[in-house]
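Asker: Kindly return the folded structure for what I paste below:
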Amino acid sequence: MQNTQFQDSDIRWKQRFTNLERAFTNLESAVAISSLDILQRAGMIQFFNLAFELSWKTLKDLLEYQGFSGFDSPRSVLKQAFAVSLIQRGDVWLDCLEKRNLSSLVYDEAIAQQVENAIRNDYFPVIKALVEQLWVAASE
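Answerer: Okay, here's the model as predicted:
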């Protein structure tokens with residue numbers, strides 16, 4: 001008989017990953033639009049915020065499933081995920097964590113465009129790589 005705690009943590013990260021997949025699909029649709037108007041840009045930024053939040057929380061659940069513990073912040077989760085090769089480009093993930101606060105300034109057009117560019121060029125690719133890697137892990 002399998003340990004119930006083991007089963008629950010297995011289920012938790014996979015359930016969270018299902019939510020991440022949905023959020024990522026919305027972000028991917030927004031990124032596919034080449035020239036965004038102000039409302040579309042705001043939507044993209046919100047989709048990014050949700051995908052990022054679910055990314056680090058899914059990583060936390062997966063790390064706990066793998067036996068790691070003691071996470072007190074998204075930063076500690078990202079550092080551990082990088083250390084065990086669950087994510088690549090740890091510097092981009094940490095930058096994403098630091099810069100996500102700028103996303104609340106979507107009323108400032110110049111900042112909103114900077115955030116959009118960072119999402120397209122830096123953050124979307126690392127989230128996409130994570131989703132692809134987790135999809136494989138969830139299928140095993």
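
Asker: where does the nearest residue in space to Trp13 that is not next to it in sequence fall, helix, sheet strand or coil?
Answerer: Once flanking residues are discounted, Trp13 sits nearest to Asp61: 3.6 Å by CB to CB, 6 or more residues apart in numbering. From N, CA and C alone the C-beta is placed, and that goes for glycine too. Here Asp61 is recorded as helix under DSSP: H, G, I helix; E, B strand; the rest coil.

Asker: how close does Asp61 sit to Thr18?
Answerer: The gap separating Asp61 from Thr18 is 12 Å, by CB to CB, to the nearest Å.

Asker: And those two? Which one has more around it.
Answerer: Shown here are Asp61 and Thr18; by other CB atoms under 10 Å, Asp61 has more neighbours (20 against 12).

Asker: Can you show me the helices along the protein?
Answerer: For the chain, applying DSSP state H gives helices covering 4-31, 38-65, 74-83, 90-99, 109-118, 124-139.
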